[in-house]
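Enquirer: Sequence and predicted structure below; questions after.
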Amino acid sequence: MMGNVENEPVSAGRCEACGAKLPEGAAGCQRLFDEVVAKEFSDYRYGRLHRLTVDTYSMQHPERYMRSGKSFMAHLTGMCAAPEGNQAESVNREIQRWLNGK
Ligand SMILES: [Zn+2]
């Protein structure tokens, strides 16, 4: 999920996609995302939020991570399932089965 935004223009200290105020624009936003993901992989207490982190970041940066309607639905429904706690994984599995169906 990590992308290369080094060549993207910096727009007045804001991420062009999500509007976050960051001195490095989209590159700074990507760097923050990468730091959060690294923390999720290094500390199990944060790891359970990984799916929500990726789904949220993807929805906020559609030009890079929403390449299809199927991708949009997968991230949107992933965010919607997150409040289900321990049930979220099985809900997401069923949604994936539906999205991969006919
Ligand atoms: Zn952003």
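Expert: Ah, there it is. Residues are numbered from 1 along each chain as shown.

Enquirer: CA only for contacts and neighbour counts going forward, please
Expert: OK.

Enquirer: List phi and psi for residue 14.
Expert: phi -130, psi 150 (degrees, to the nearest 10).

Enquirer: now it: how far from residue 26?
Expert: Applying C-alpha to C-alpha, to the nearest Å, one obtains 7 Å for the distance of residue 14 from residue 26.

Enquirer: what do you get for residue 91?
Expert: Counting by C-alpha to C-alpha - residue 91 and residue 26 are separated by 32 Å.

Enquirer: quick one: the helices in this protein?
Expert: Along the chain, counting by DSSP state H, helices occupy 25-42, 44-47, 50-60, 62-65, 69-81, 88-99.

Enquirer: what's the second one packed up against?
Expert: Secondary structure elements in contact with helix 44-47, counted by 3 or more C-alpha pairs under 8 Å, 6 or more residues apart in numbering; DSSP states H and E, are helix 25-42.

Enquirer: Taking their axis directions, the helix it packs on and helix 50-60 sit at what angle?
Expert: Here helix 25-42 points in a direction 170 degrees away from that of helix 50-60 (axes from the mean of the first three to the mean of the last three C-alpha atoms, to 10 degrees).

Enquirer: What residues of helix 25-42 count as buried?
Expert: Burial within helix 25-42, assessed by neighbour count using 16 or more other C-alpha atoms under 10 Å, is assigned to 25-31, 33, 36-37, 40.

Enquirer: Now render those as CSV, adding distance to the ion and pLDDT.
Expert: As requested, the buried residues of helix 25-42 are exported to CSV (distance: C-alpha to the ion, whole Å; pLDDT from 0 to 100):
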residue, distance to the ion, pLDDT
25, 7, 93
26, 5, 93
27, 8, 94
28, 8, 95
29, 5, 96
30, 7, 96
31, 10, 96
33, 9, 97
36, 13, 96
37, 15, 96
40, 19, 95
